[in-house]
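[1] I'll drop the sequence and a predicted model, then ask my questions.
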Amino acid sequence: MERLKRFWGAFKDVAILFSFIVNFVMVILLMVISVPALQTTFALKTGLLEPLLNDLDAAFVGLGEASIDATINIDEQLPIQFDLPLDETLPVQFDLVLRQHTSVVLQQPVPLYGLPAQFNLPGGGGVINGNVSLSLPAGLQLPVSLDLVVPVSQTIPVHMLVPVSQTIPVRMEVPVHIPLGESGLDPVVYDLRSAIRPARQQIEALPDGIELFK
């Protein structure tokens, strides 16, 4: 019985030592295997993932701060149609030339006195000089030939609507500056940055090298 106890104690000591050795070897093997993998992971983090996510975030920020600057050439025919109100006083000054034939109607009798005349006597009786007095009756139409210049100088008030319908050629260069963020892109930029923010935080939380575990 005493020998069995001693044997059991020795067996436990050997089993504990063997277990320690096996565990130690497994730890060494795991370290040998995992160190390159960890180094590769850290290299991916610092060399690819972090720069990629930072560049994406910077690109999204730049997209929101970008603007479109251009010059638009306009060469069009612009139709214009409206009523132009006139409320002015216009001075009018000119010479009115009258050259025409017309008739004048007498409104009352017109007496004519002392008109020189010659009277031929019949039968070769000779010629007698004298004066004639007569009266033109009212309503008599007399033909008149007008040839005169009438000076006109007046001020005329003008109140009217003048319809205007024209086509105007328009040729110009219009500079255009459009900030993309202020034009409606800011919410899109915010959503894009929010989409990659969890990934950035996860990557930044990882250590940069295996020396942090020493």
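    Sure, I can see it.
[2] beta-bridge partners for residue 121, please?
    With DSSP bridges as the criterion, residue 121 is bridged to residue 126.
[3] run a quick neighbour tally on it.
    If you count neighbours by other C-beta atoms under 10 Å, residue 121 ends up with 9. Just so you know, the C-beta spots here come from the backbone N, C-alpha and C atoms, and that holds for glycine as well.
[4] swap in residue 139?
    That count, for residue 139 with other C-beta under 10 Å as the rule, works out to 10.
[5] show me what contacts it?
    By C-beta atoms under 8 Å, 6 or more residues apart in numbering, the contact set of residue 139 is 105, 106.
[6] measure it to residue 174 for me?
    77 Å (C-beta to C-beta, to the nearest Å).
[7] ok, residue 51 next?
    Residue 51 is 41 Å from residue 174, by C-beta to C-beta.
[8] now swap in residue 66 and tell me
    Relative to residue 174, and taking C-beta to C-beta, residue 66 is found at 20 Å.
[9] same check, this time on residue 123
    Plainly put, residue 123 is 106 Å away from residue 174 if you go by C-beta to C-beta.
[10] looking at the two, which is more packed in?
    Using other C-beta under 10 Å as the criterion, residue 123 and residue 174 rank with residue 174 on top: 9 against 5.
[11] contacting residues for that one?
    71, 72, 74.
[12] parallel or antiparallel, list what pairs with the helix or strand that contains it.
    When elements are assigned from DSSP states H and E, residue 174 belongs to strand 141-179. When pairing is defined by DSSP bridges, strand 141-179 lines up against strand 67-105 (antiparallel).
[13] how about the strand it pairs with: buried residues?
    Buried residues in strand 67-105, counted by 16 or more other C-beta atoms under 10 Å: none are found.
[14] tell me how far that strand lies from the chain's centre.
    30 Å (C-alpha atoms, centre = their mean, to the nearest Å).
[15] pLDDT averaged over that strand - what is it?
    Confidence over strand 67-105 (mean pLDDT, whole number) is 87.
[16] can you check stretch 108-128 too?
    74.
[17] what does it contact?
    Identification of contacts with stretch 108-128 by C-beta under 8 Å, 6+ apart yields 129, 130, 131, 132, 133, 134, 135, 136, 137, 138.
[18] backbone dihedrals for the last one, please?
    Residue 138 adopts backbone torsions of phi -70, psi 140, taken as degrees, to the nearest 10.
[19] what about it, distance to residue 75?
    Separation of residue 138 from residue 75 (C-beta to C-beta): 74 Å.
[20] ok so, going back, mind putting the contacts of residue 174 into a markdown table with distance to residue 198?
    Formatted as a markdown table, the contacts of residue 174 follow (distance: C-beta to C-beta, whole Å):
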| residue | distance to residue 198 |
| --- | --- |
| 71 | 43 |
| 72 | 42 |
| 74 | 48 |
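[21] which one of those residues sits closest to residue 160?
    Of all the contacts of residue 174, residue 74 has the smallest distance to residue 160: 34.3 Å, by C-beta to C-beta.
[22] contacts only, for that closest one.
    For residue 74, the contact set (C-beta under 8 Å, 6+ apart) comprises 170, 171, 172, 173, 174.
[23] identify the bridge partners of it.
    residue 172.
[24] do residue 111 as well
    Bridge pairing for residue 111 - DSSP bridges - gives residue 135.
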